[in-house]
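Engineer: Okay, predicted coordinates and the sequence, questions at the end:
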Amino acid sequence: MDYQFRDIEKRWQKFWAENQTFKVDNSSAKPKYYVLDMFPYPSGAGLHVGHPLGYIASDIFARYKRLKGFNVLHPMGYDSFGLPAEQYAIQTGQHPAITTETNINRYREQLDNLGFSFDWSREVRTSDPEYYKWTQWIFMQLFNSWYNLESDKAESTDELIRRFENSGTKDLKAVCDDDVRTFSAEEWKGLPDSEKQSELLKYRLTYLRESTVNWCPALGTVLANDEVKDGYSERGGYPVEQKKMMQWSMRITAYADRLLQGLDGIDWPDPLKEMQRNWIGKSVGALVKFPLNSGNAIEVFTTRVDTIYGTTFLVLAPEHEYVTGLTTPEQEKEILDYIDQTKKKTELDRMADTKTVSGAFTGSYAKHPITNEPIPIWIADYVLAGYGTGAVMAVPSGDQRDWLFATKFGLPIVAISDGQTNLDKEADPTKEGTYINSGIINGLNYKEATTTLIAKLEELGAGKAKVNYRLRDAIFGRQRYWGEPVPVYFKEGLPYLIDREDLPLVLPEVDKYLPTESGEPPLGRAENWKYKNELEYELSTMPGWAGSSWYWYRYMASQDDRKQDTFAPAEAIAYWKDVDLYIGGSEHATGHLLYSRFWNKFLKDLGHVVEEEPFKKLINQGMIQGRSNFVYRIIDEEGRGTNKFVSNGLKSQYTTSALHVDVNIVMNEILDLEKFKAFRPEFANAEFILENGKYICGVEVEKMSKSKFNVVSPDDIIERFGADTLRMYEMFLGPLEQSKPWNTNGIEGVFKFLRKFWKLFHDDEFNFNVSDEEPSKAEFKALHKIIRKVEEDIERFSFNTSVSSFMICVNELTDLKCNKRKILQELVVVLAPYAPHITEELWSLLGNSAGKLSVAAYPQFNPEYLVENEFSYPVSVNGKTRMNLNISLSLSQAEVEELILANEDLKKYLDGKTTKKIIFVKGKIINLVV
RNA sequence: GCUCGGAUGGUGGAACUGGUAGACACGCAGGACUUAAAAUCCUGUUCGCCCUAAAGCGAGUGCGGGUUCGAUUCCCGCUCCGAGUACCA
């Protein structure tokens, strides 16, 4: 029979499901390998052809590793809490759980059609109470932990309380809020319980605090920094403003340094690591206090404490809390005007306008901490309230922004190093040279000066070394419905954890998915929803990233394991350890991938998991963009659309308007006219101006979306060509990491390849016909070339080149008319990860036991079949290739040279010149230098 | 501005540590089979010049330089495209 892909694929998908072919055990004599995909949010639109790209790659890799003798964990699940289902619920009143369930079923069907080797018995859904029970449990662990800087890890708050009881805050080194109190053991013991609790909250790794947050009025919720892009919400694109609110936060800053350190040891793409480094934004410097007459001091952060003698003014952010107190009556109008002016600027204005220098003088002075000289205090919007201390010491000779400011306002610019040049034109931040005009550091170099100054400032009590991070603690509450309830209740205004036995705290039913009339989050609508029937629960839910920050551990728990009272049994974690290969998009660089590393480190500190980093190797698959097709409708003189359409190549002769046309009725830019008339019935009688008898469409790359008619569904492709073709074609498109527009042109090449492959096993009448004869040398060579090539390609994730190589191999075997079992059976195994259905079918036709292909042994590469004793050398003269010569590979350089110089054909290229030198690289090239 | 990535035929792309640039596939052109179409198969296909053809000559991997016997690959300078990020003190 001809290659009946529809029948073959359905049959094997059913077989795998019924036999649980890909179910994996938590113990095995084989080495483990964990291949993970970033799990999808099940959106209502279903999968388009771009989504499975990464899944196909990971599935090929997982199947390959199985053949290579690994026990492979390859699971899939759904990140099923999130905004779209809730927005839909607001519009329609339908419970998000129902929408989510429908979408998941649709996703599952589409994924199944692609023939993935997932172990579905381990599926997770973040919105399932049996799953989010453990998300809540982790939240409780964070609540009950603090970060001990001495041991450099998280520890239980019980331990902290014990310390307070024994020695108060003496010698305590902890990551905590700025406003913690110092107290003795006695003082601690004397505190009322409520004050103890409110003090402890300042140390907890998840805490409630009044802070400035990103508030999105349209979504009615706060957002984390990574959910805001250019002042708009990432989801929906609504404006975001700053607002002070009481909010749950995660003390991720405690892990800033470990998050940075950990990047060095993991195999991730460099751009992604760089993004995380920038996001964490570590800068090493010093905190310096400039005393005020009032007895207070202005604290600044600087990375260049060595330039302190060059400080000629201080600049505060307009929002700085001291501004009002420092403004003198004479300057009051100017300052108020300036603050007013900056307030009017939106975030976007401020970003766009970085050229204009502006500011205002407060009229007050601070004292230089070392020289005691008066330093004028200015305000300017180039200093940001949210970074460092919101104040800087301005050193115009060393910092370009300070230089511009000083030049504009006529403030002095003092050189501080003999290495500085051109100070009349610009600042010179050099660290070369020795210091001048710099008191105690005159004559010293950069390193000496820094050490000396820090020691001096510490002695004076005026400063200390300090590492500053750009990373902020992550806001953890969302004023939304469709998320995990926070397992917290309130008593006298203070938060307390619910009992562990009460987990999961199930999301209550509400009448509407909107805030209450008094502005409370939707959970405020739940009736009779009280802890122990009397105490208020927290009404915020957790953000989208909560459930995805630990999900890879839940996959380690088998269905049986999930009956136990743990998120994953210790033995399972000890066996699977971490993810060996993680494939997903780079858009999660500063969100999911950072939070996951944070929670992983935290769970490691508490001894629940074994590895410091969760994802050993990570690959970002490229985004598949849409590729839109257009038809051109001719516009008449009155500007109205006519019933005529002109082909792309002739459109310049007319006035036209471009209309999107469904890409699925266009092949190689040629429009199927009959299908077009069916697609747009109002143009059923349209006339078409053709070129060469064809209507050629225009092309543009855009985002894939329904409104642009450029969505290509995997279901349609599978119906026409089969899943094996789709899998191989997606790989064939180009390097995995590269973004590219989807283009179905060319898929037939892959389909033809699979048919050709099928034909190797069949005679002209399509009878199965495989011979047991001994293969020829050429046949062995073709096979072993592909064995080696595919192995090399998979190891370096170059899937597109292996598809080409398969084509070459099958072309060669077709030319050789090879139908030898010894060759074909091994080829079936090598191709199996890419095209699992057709290979399963042929594997069983070859008489092997059904379904065992996925654990067959990967063929052993034998280099002997590739040994050549002759090579056709390109012979070039002065680097220009002139001819090819077959020469035995056993000859020495001297023998080859002799042969070359004796060659008559070559003489005409030498043009009578003498050969100066012969370059001979064995098996590569011969080059004559004349 | 800074950081990172990229630029190769009509198209997607290949060339892994410097060694025959354009593999593989699409498209296109021509041909075979067929009453015809579809399917399949065969031939050609970087560009330019010369040419009935065979063959030959020249240019060629964004641009300009450099290193080298030899550069798509390494170095320096630039242009354009994409991503991230931003008065970060």
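Structural biologist: It's in.

Engineer: Helix or strand next in line after the one helix or strand A:Arg66 maps to, which one?
Structural biologist: Using DSSP states H and E, A:Arg66 sits within helix A:52-67. Next in sequence after helix A:52-67, counting helices and strands by DSSP H and E, comes strand A:71-73.

Engineer: Listing partners with orientation, what would you give for that following strand?
Structural biologist: According to DSSP bridges, strand A:71-73 has the following sheet partners: strand A:32-37 (parallel).

Engineer: Let me know the angle separating the partner strand from helix A:52-67.
Structural biologist: 170 degrees (axes from the mean of the first three to the mean of the last three C-alpha atoms, to 10 degrees).

Engineer: So what touches strand A:32-37?
Structural biologist: For strand A:32-37, contacts defined as C-beta atoms under 8 Å, 6 or more residues apart in numbering pick out A:54-55, A:58, A:61-62, A:65, A:70-76, A:552, A:555, A:575-584, A:615. Heads up, the C-betas are built off the backbone N, CA and C, glycines and all.

Engineer: where does the closest residue to RNA strand B within the stretch 1-150 of chain A land in three-state SS?
Structural biologist: Relative to RNA strand B, the nearest point of the stretch 1-150 of chain A is A:Asp2 (8.8 Å; C-beta to the nearest atom of the strand). Secondary structure assignment for A:Asp2 (DSSP: H, G, I helix; E, B strand; the rest coil): coil.

Engineer: Apart from its neighbours in sequence, what residue is nearest it?
Structural biologist: Nearest residue to A:Asp2 in three dimensions, chain neighbours excluded: A:Phe766, at 5.4 Å (C-beta to C-beta, 6 or more residues apart in numbering).

Engineer: Quick check: the one you found is in a strand.
Structural biologist: No: counting by three-state DSSP, A:Phe766 falls outside a strand, being coil.

Engineer: what about it, neighbour count?
Structural biologist: A:Phe766: 14 surrounding residues under other C-beta atoms under 10 Å.

Engineer: how near is it to RNA strand B?
Structural biologist: 12 Å (C-beta to the nearest atom of the strand, to the nearest Å).

Engineer: For whichever residue of chain A sits closest to RNA strand B, give me its contacts.
Structural biologist: The nearest approach of chain A to RNA strand B comes at A:Gly749, 2.3 Å away (C-beta to the nearest atom of the strand). Residues in contact with A:Gly749 (C-beta under 8 Å, 6+ apart) are A:732, A:807.

Engineer: And it, which helix or strand is it part of?
Structural biologist: helix A:747-760.

Engineer: related to what we said a few turns ago, just the CA atoms of the helix holding A:Arg66, as PDB, please.
Structural biologist: C-alpha atoms of helix A:52-67 as PDB (Å, rounded to 0.1, in the frame of the first residue of the first chain):
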ATOM      1  CA  PRO A  52       4.700  23.200  18.800                       C
ATOM      2  CA  LEU A  53       8.200  24.200  17.500                       C
ATOM      3  CA  GLY A  54       9.800  23.800  20.800                       C
ATOM      4  CA  TYR A  55       7.700  20.800  21.700                       C
ATOM      5  CA  ILE A  56       8.800  19.000  18.500                       C
ATOM      6  CA  ALA A  57      12.500  19.700  19.300                       C
ATOM      7  CA  SER A  58      12.200  18.500  22.900                       C
ATOM      8  CA  ASP A  59      10.300  15.400  21.800                       C
ATOM      9  CA  ILE A  60      13.000  14.500  19.200                       C
ATOM     10  CA  PHE A  61      15.500  15.000  21.900                       C
ATOM     11  CA  ALA A  62      13.600  13.000  24.500                       C
ATOM     12  CA  ARG A  63      13.000  10.100  22.000                       C
ATOM     13  CA  TYR A  64      16.700  10.200  21.000                       C
ATOM     14  CA  LYS A  65      17.800  10.000  24.600                       C
ATOM     15  CA  ARG A  66      15.500   7.000  25.200                       C
ATOM     16  CA  LEU A  67      17.100   5.200  22.200                       C
END
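
Engineer: quick one: is that helix near RNA strand B?
Structural biologist: No: taking C-beta under 7 Å from any atom of the strand as the criterion, helix A:52-67 and RNA strand B are apart, separated by no less than 12.6 Å.

Engineer: hang on, the earlier thing: hey, what's the angle from the next helix or strand after the helix holding A:Gly749 to helix A:52-67? Just curious.
Structural biologist: Using DSSP H and E, the helix or strand that follows helix A:747-760 towards the C-terminus is helix A:777-795. On the basis of the same axes, to 10 degrees, helix A:777-795 is oriented at 120 degrees to helix A:52-67.

Engineer: State the mean pLDDT of helix A:777-795.
Structural biologist: Helix A:777-795 shows a mean pLDDT of 93.

Engineer: Please apply the same query to stretch A:798-813.
Structural biologist: Stretch A:798-813 comes out at a mean pLDDT of 94.

Engineer: Look up how far A:Ser798 lies from the nearest residue to A:Trp137 once chain neighbours are set aside.
Structural biologist: By the measure of C-beta to C-beta, 6+ apart, the closest residue to A:Trp137 outside its immediate chain neighbours is A:Leu503, 6.0 Å from it. Using C-beta to C-beta, to the nearest Å, A:Leu503 is found at 46 Å from A:Ser798.

Engineer: quick one, which of those two is more surrounded?
Structural biologist: Ranked by neighbour count (other C-beta under 10 Å), A:Leu503 and A:Ser798 place A:Leu503 first, with 19 against 16.
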